[in-house]
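Student: predicted model follows, preceded by the sequence.
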Amino acid sequence: MNLAAKRKIIFDMDGVITSEERYWDAAALTVWELLFGAKHLGVQPFGGIPDFKTDPSPGEIATVRRIIFCEDRVIAFFKQQAINSNWDIAYLTFIFHFIAMLRHLATRGAMGSALSPGGKEGGGGKGADLLAGGLSSFQTREKATIGDTWKPTFAAVLDGWSQGARGSELIKKLFALSPAPFAQIFGSSMGTSPLWPGIRNIFQQWYLGEGRDEGLPGGAKKVAAGKRGLLSREEPILEISRIKHALDELLRLGWKLGIATGRPLNELLYPLEQMGISDYFEGDSVITHDHVLEAQEALGGELPRISLGKPHPFPFLKAYWGKEKDDRQLAISPPLPPKGACWVVGDTMADLLAAREAGAGFAAVLTGPGGEANRELFAREGAAAVLPDMTRLPDFLRDVNDTK
């Protein structure tokens, strides 16, 4: 193998090149709709939260996010615990409050009178159509909706329930908080929960907007009229001229460039093309959620519960090896890059953990959630570099090369 031909830098996208602001808005709007929308839990707005509508103003979106995510501290919390996808952040934030609601019912002796998914009494329903039927089916025989008897405590997500758990272990701890009669709603993992597809679809509706139904997963409902979408408002995380200069420098230093992102392909191509940087990256080294999903489905018969998204190393390894190695090998017994031949640039613990397992050097940037507050965490967890932003990478790699 020609080592020079395989020197690659793999970039995470959000928080490194693109801003995640619009995704975080979509996550907040998803939780808002599920908690306060009349078709779902129908909680009465309180504490400055706007009434639910499908066409909130930018100011209302900012208010929803500020309150639900506690000035973005909830986002930073999940990212620090290796929860990488913004779909997952929306899902887990809502599920935390949904479980709190169920526990509230249990303390009031109302569990038996709550309606289960599909409108049947008790907790024994299958739960598959929970969101399709509307979460407002959860009512008590006292003729009061859940929204009249319970309110979420948004800061409670930041309490000590996680006990330091990360990734899949964090999810297990959250599911374990649910009252037993409703445990089947959550499945054995996030991916097996009957609630997961519906929550993801609501997120996509907010992000894509009316008229972009092609980006919704198969079988998803069309976007509700009035949802204007956030994709067209995507922005680079830095001035695009600075990003391009850094990418030019890395190419001049002899590095090939790739991307490993949790975005679907269509949501990656749009900002890359708008920013004019798509040609910097090798096609076979651009790995998206679609590639991960395709590999999981192909391996599902052999490994039915495998999850190949970050913090699994699969996305970074696939971006490094391209078509040289098959998905099964990369998922089960992956060959690691030669030492020093692969660097990963990311902004979250999921990126760091995945890079570590992939045998890649990890350069953390502080442009993601948490910002400067993550410096100590990244250093403690073994990042080779903690940089203010991705434009510092060329100088760092020059220094690394000079010391060899």
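Tutor: The structure has been received and is ready for your questions.

Student: pLDDT weak spots in this protein?
Tutor: Along the chain, segments meeting pLDDT under 70 span 1-5, 109-148, 188, 212-225, 402-404.

Student: so which residue is smack in the middle of it?
Tutor: The chain has Ser85 as the residue nearest its centroid, 1.3 Å off, counting by CA atoms, centre = their mean.

Student: for that one, give me its contacts.
Tutor: In this structure, Ser85 makes contact with 262, 289, 309, judged by CB atoms under 8 Å, 6 or more residues apart in numbering. Placement of C-beta: from N, CA and C, glycine included.

Student: need those residues in CSV (columns: secondary structure, distance to Gly371 and neighbour count).
Tutor: Below are the contacts of Ser85 laid out as CSV (DSSP: H, G, I helix; E, B strand; the rest coil; distance: CB to CB, whole Å; neighbours: other CB atoms under 10 Å):
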residue, secondary structure, distance to Gly371, neighbour count
Gly262, coil, 20, 23
His289, helix, 25, 18
Gly309, coil, 24, 20
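
Student: got JSON lines for those residues, with distance to Thr192 too?
Tutor: Converted to JSON lines, these look like this (distance: CB to CB, whole Å):
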{"residue": "Gly262", "distance to Thr192": "19"}
{"residue": "His289", "distance to Thr192": "18"}
{"residue": "Gly309", "distance to Thr192": "15"}
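
Student: domain boundaries for the protein, per the record?
Tutor: With automatic domain parsing as the criterion, the domains of the chain are listed as 3-18+234-402, 21-231.

Student: all helices for the stretch 251-400 of the chain, in order.
Tutor: Using DSSP state H, counting those that start in this stretch, the helices found in the stretch 251-400 of the chain span residues 265-275, 289-299, 314-321, 327-332, 349-357, 375-380, 393-402.

Student: got the CA positions of the fifth one in PDB?
Tutor: The C-alpha trace of helix 349-357 is given here as PDB (Å, rounded to 0.1, in the frame of the first residue of the first chain):
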ATOM      1  CA  MET A 349     -17.300  12.800  22.500                       C
ATOM      2  CA  ALA A 350     -18.900  10.500  19.900                       C
ATOM      3  CA  ASP A 351     -16.400  11.700  17.400                       C
ATOM      4  CA  LEU A 352     -13.500  11.200  19.800                       C
ATOM      5  CA  LEU A 353     -14.600   7.700  20.900                       C
ATOM      6  CA  ALA A 354     -15.200   6.600  17.300                       C
ATOM      7  CA  ALA A 355     -11.800   8.000  16.100                       C
ATOM      8  CA  ARG A 356     -10.100   6.200  19.000                       C
ATOM      9  CA  GLU A 357     -11.600   2.800  18.000                       C
END
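
Student: neighbours of Arg233, how many?
Tutor: 13 (other CB atoms under 10 Å).

Student: quick check: closest non-adjacent residue to it.
Tutor: Taking CB to CB, 6 or more residues apart in numbering, and ignoring the residues beside it in sequence, Arg233 has Arg22 as its nearest neighbour in space, at 5.5 Å.

Student: contact partners for Phe281?
Tutor: Shown here is Phe281, whose contacts under the criterion CB under 8 Å, 6+ apart are 257-259, 272.

Student: with adjacent residues omitted, what lies nearest to it?
Tutor: Leaving aside its sequence neighbours, Phe281 sits nearest to Leu257 (CB to CB, 6+ apart; 5.0 Å).

Student: for Leu238, same thing?
Tutor: Among residues not flanking Leu238 along the chain, Asp389 sits closest, at 5.8 Å (CB to CB, 6+ apart).

Student: what are the ranges of the helices in the stretch 101-250 of the chain?
Tutor: In the stretch 101-250 of the chain, the segments counted as helices under DSSP H, counting those that start in this stretch are 130-133, 146-149, 167-175, 195-208, 240-252.

Student: now tabulate those helices in TSV and tack on mean neighbour count.
Tutor: What follows is the helices of the stretch 101-250 of the chain, written out as TSV (neighbours: other CB atoms under 10 Å):
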stretch	mean neighbour count
helix 130-133	19
helix 146-149	19
helix 167-175	17
helix 195-208	23
helix 240-252	16
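
Student: so which of those helices comes closest to Pro304?
Tutor: In this view, the helices of the stretch 101-250 of the chain are compared for proximity to Pro304 by CB to CB, and helix 167-175 is the closest at 14.9 Å.

Student: counting by contacts, list what that closest one packs against.
Tutor: helix 86-107 (3 or more CB pairs under 8 Å, 6 or more residues apart in numbering; DSSP states H and E).

Student: which parts of the helix it packs on are buried?
Tutor: Residues 86-106 are the ones in helix 86-107 that count as buried (16 or more other CB atoms under 10 Å).

Student: what do you get for stretch 64-73?
Tutor: Buried residues in stretch 64-73, counted by 16+ other CB under 10 Å: 64-65, 67-70, 72.

Student: can I get that stretch in CSV? Just the C-alpha atoms.
Tutor: Output for stretch 64-73, consisting of C-alpha atoms alone and laid out as CSV, is shown next (Å, rounded to 0.1, in the frame of the first residue of the first chain):
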residue,chain,number,x,y,z
VAL,A,64,-38.7,27.4,22.3
ARG,A,65,-35.1,26.3,22.0
ARG,A,66,-33.9,28.5,24.9
ILE,A,67,-36.5,27.1,27.3
ILE,A,68,-36.6,23.5,26.3
PHE,A,69,-32.9,23.0,26.0
CYS,A,70,-32.0,25.3,28.9
GLU,A,71,-29.8,27.7,27.0
ASP,A,72,-28.4,24.7,25.0
ARG,A,73,-27.1,23.0,28.2
